[in-house]
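based on what follows, work out the 3D shape:
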Amino acid sequence: MDHIVLEKAARLFYRTVICEVIEPALTEMAEEQLTQVQLACMRFVHLHPEPSVGDIADGLAISDAASAKLIDRLVKKGILTREEDPADRRVLKIKLTAPGIKLLETVNRIEHNQFEKIINGMPAESVKALQEGLTAFLTAALGSPEAIDNVCLKCGWEHIEDCPGNLRYTQLTGQQRKKY
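Residues are numbered from 1 along each chain as shown. Model prediction:
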């Protein structure tokens, strides 16, 4: 496969994950009218205990103003709450509500099932080759700790030691990434 075709295949892979894994979950939960950005915000809040508006902005690589508007929309939907920090009333702590947690669990389950359906349709040797190829690509692409920080999913307390990003970070620095 020449590099131009490989580049197109990588872009197609990226779009396929969005169209065949993420969007079907959002479609199945259509009554919630969630966007991909709102879902990313929910995940970030779930994985980072009581983040501030600025933490969410940094984690999602958006402005503080965009983060505040995003949070407002999710608060109106009953998915998030904003609480003043008792130590500093100027700081707002963002939390998922019980219905927000349930919704996120449902979306995650749907996405996992969609991904499994695709992977289960592949021969075992192709699954292994895909994992090895993606890991090799990430190793080549992520040449510095800063590059890893830039693309890291910030998995919070669900940090996985075998994550290719963590493994690459360890190769480069001799230490594991911190939990977010």
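
and K178, what's its pLDDT?
Model confidence at K178, expressed as pLDDT, equals 70.

what is the burial count for it?
Here the count is done by other CB atoms under 10 Å, and K178 has 7 residues near it. From N, CA and C alone the C-beta is placed, and that goes for glycine too.

how about residues contacting stretch 117-136?
Outside stretch 117-136, the residues within contact range by CB atoms under 8 Å, 6 or more residues apart in numbering are E20, V21, P164, L167.

need the helix or strand of this structure with the lowest average pLDDT.
Between all helices and strands in the chain, the lowest mean by mean pLDDT, DSSP states H and E belongs to helix 145-151, at a mean of 85.

and after that helix, which helix or strand comes next?
Next along the chain after helix 145-151, taking DSSP states H and E as the criterion, comes helix 164-173.

report how many residues lie close to the nearest residue to S144 once chain neighbours are set aside.
Leaving aside its chain neighbours, S144 sits nearest to L172 (6.7 Å; criterion: CB to CB, 6 or more residues apart in numbering). By other CB under 10 Å, 16 other residues sit near L172.

gap between L172 and L142?
According to CB to CB, to the nearest Å, L172 and L142 sit 8 Å apart.

list residues touching both of those two?
Common neighbours of L172 and L142 are listed as I148 (criterion: CB under 8 Å, 6+ apart).

which parts of the lengthiest helix in the chain are buried?
In terms of residue count, the longest helix belonging to the chain (DSSP state H) is helix 98-120. Buried positions in helix 98-120, judged by neighbour count with 16 or more other CB atoms under 10 Å: G100, L103, L104, V107, I110, E111, Q114.
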